[in-house]
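>>> Structure for this input, please:
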Amino acid sequence: MKNLYERVVRALLFSLDPETAHRVTIELLRGASHFDLALRVLRFFQPPSKTKTLFGLTFPNPIGLAAGLDKNGVALPAWAALGFGFIEIGTVTAKPQPGNPEPRIFRLPQQQALINRLGFNNDGADAIAERLRALRRTKRWPGVPIGINIGKSRATPLEHATEDYLYSFRLLRDFADYIALNVSSPNTPGLRELQEPRKLSELLNAIGNEPGTATKPVLIKISPDLLPIELESILNVCAEHGVAGIIATNTTLDHSSVPPELDEEGGLSGAPLREKATALMRDIVAKSAIPVIASGGICDAGSAREKLQAGAELVQLYTGFVYCGPRLLREIMESVLQDRNETFP
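Prediction:
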C-alpha cells in the first residue's frame, strides 16, 4: 500500500503543480462519491475501528479530515469510504470568493511541509448548503460526523464579521454535526484579530443566541502563534460561552525552519509545525477542561500518538495525508491499538 501510493499515485500528483494536484485529487474523489463500486474500492484502505463519543457524537475512530482539503464539501462519501472517523469541510464563507492569486500552494518535500496562502477560496455558503441538501436526499450521506468550518469573507469589514459568520451558520448548521469557527487563518487580512477576547466574545455570544445552538457543538480553531497570555484569554472566553471544543491548531507564520531559498508567504503546515502545535495543545489541556482536537504536524503514527497521549480527544490530517496517503490512517490506528499505554478510551 505504501509503495503503491508513494511510488505511483504521489509520484504522478507531485509531477503536477500543487494546486492542480489538489484539484485532480478532489475531482477524482468527487467522481468516486457517485459510484458504489468506486466507494467499495476505497473501503479497502479503511483502518481498524475504535469508537469514541465526544460532543454527544459517535466517532468510529479518532482520525478526522482537516478543513482545507475539501473546502466545498464535494467528496464526503469518498472521505468516509477511505476510513476517516469524521470529516470537516470548509472553510466556507458567506460570499463565494476565488481566494488569493495563484500560485498559492508550495511543497517542501524535504521538510514534509506545505505553505499555502489560498485565502478561503470556496463556492460560498448558499451553494454549499444546496450541495449538502442534495447529497442528504441520496443514500450516500456519510455515516460519520460532519463538521463545517466557517470563516469571514474577505470583502466583509472586520466590524461586520459577526453578521458574516451568522449568515453561514444559519445556512449550514442543519447539515453539520458540529460547527468550527475559523478565527485563525493567516491568509485573510485581519482575521486573527477575532481571537482578541472582546471580538471573540461578541462572535460567540451572537452564535450562542441563535435558535437551536444549544444542541449544536460549536468549536474554535486557533492559531499556533498565540502568546501564553493570549491563549489564556481565549480559553477564558471559550469557557464563559460554553465552547464545545478547540481545534489546535491552524497553520503557522513561523517559517524559521524553512530554508530562505524555499520560503514563500503564507501559512506553514506539516512536520515543522509538530512541536509548536503539540506544545500549545499541552498548554490548553493543562489550563482548561475544554476538549481538544489536535491538528498540525501529524505526519506519521508517532506524531498522532503523541497528540493523543498529550490529551487530544481526536486528531485531524491534512499535510500528512498529502505526503503519505490513505495508509497513514491505518498506521495511526494500528499504532494506537497496539500501545497499551494509550489513553484514548
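
>>> and Asn250, backbone torsions?
phi -80, psi -170 (degrees, to the nearest 10).

>>> show me the contacts for it.
By C-beta atoms under 8 Å, 6 or more residues apart in numbering, the residues touching Asn250 are 182, 184-186, 221-224, 267, 295-296. Where C-beta positions appear, they are placed from N, C-alpha and C, glycine not excepted.

>>> Identify those among the residues you listed that sit within strands.
Among the contacts of Asn250, the residues falling in strands (DSSP state E) are 182, 221-222, 267, 295.

>>> ok, those vs Ile207, which is closest?
Ranked by distance to Ile207 (C-beta to C-beta), those are led by Asn182 at 12.9 Å.

>>> What residues are bridge-paired with the residue nearest to that closest one when sequence neighbours are not counted?
Ranked by C-beta to C-beta, 6 or more residues apart in numbering and with sequence neighbours excluded, the top spatial neighbour of Asn182 is Gly151, at 4.0 Å. Gly151 forms beta bridges with Thr93, as assigned by DSSP bridges.

>>> How about the contacts made by Gly151?
90-93, 120, 165, 181-183, 185, 188, 191 are the contacts of Gly151 under C-beta under 8 Å, 6+ apart.

>>> before we move on, the earlier item: what about the contacts of Asn250, which one has the most neighbours?
Of all the contacts of Asn250, the highest neighbour tally under other C-beta atoms under 10 Å goes to Gly296, namely 32 neighbours.

>>> Next up, the contacts around the nearest residue to that residue once chain neighbours are set aside.
The spatial neighbour of Gly296 that comes closest, neighbours along the chain excluded (C-beta to C-beta, 6+ apart), is Ala277 at 3.2 Å. For Ala277, the contacting residues are 224, 248-249, 252, 294-297, by C-beta under 8 Å, 6+ apart.

>>> Could I get the residues you listed in CSV, plus columns for distance to Val24?
As requested, the contacts of Ala277 are exported to CSV (distance: C-beta to C-beta, whole Å):
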residue, distance to Val24
Pro224, 29
Ala248, 31
Thr249, 28
Thr252, 27
Ala294, 28
Ser295, 24
Gly296, 25
Gly297, 25
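
>>> Output those in CSV, with pLDDT and distance to Phe175 appended to each entry.
Shown next, in CSV, are those (pLDDT from 0 to 100; distance: C-beta to C-beta, whole Å):
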residue, pLDDT, distance to Phe175
Pro224, 98, 29
Ala248, 98, 25
Thr249, 98, 25
Thr252, 98, 30
Ala294, 98, 25
Ser295, 98, 21
Gly296, 96, 26
Gly297, 97, 30
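
>>> Please identify which of those is nearest to Arg137.
Distances from Arg137 to those, taken by C-beta to C-beta, are shortest for Ser295, at 30.9 Å.

>>> close enough to count as contact, that closest one and Leu314?
No. Between Ser295 and Leu314 there is no contact under C-beta atoms under 8 Å: 9.2 Å.

>>> about what we covered before: which of the contacts of Gly151 tops the neighbour count?
For the contacts of Gly151, counting by other C-beta under 10 Å, the largest number of neighbours falls to Thr93: 30 neighbours.

>>> Relative to Pro186, how far out is it?
16 Å (C-beta to C-beta, to the nearest Å).

>>> Which one of the contacts of Ala277 is nearest to Ala214?
Taking these together and measuring to Ala214 by C-beta to C-beta, the closest member is Ala248, at 24.3 Å.

>>> ok, and the closest non-adjacent residue to the closest one?
Nearest to Ala248 is Met281, by C-beta to C-beta, 6+ apart, at 4.6 Å.

>>> got the contact list for the one you found?
So Met281 contacts 248-249, 292, 294, 307, 310-312 (C-beta under 8 Å, 6+ apart).

>>> And Leu253, by the same measure?
Taking C-beta under 8 Å, 6+ apart as the criterion, Leu253 is in contact with 186, 225, 267-268.

>>> In TSV, list the residues you listed along with pLDDT and distance to Cys324.
Formatted as TSV, those follow (pLDDT from 0 to 100; distance: C-beta to C-beta, whole Å):
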residue	pLDDT	distance to Cys324
Pro186	97	25
Asp225	98	26
Gly267	98	20
Leu268	98	18
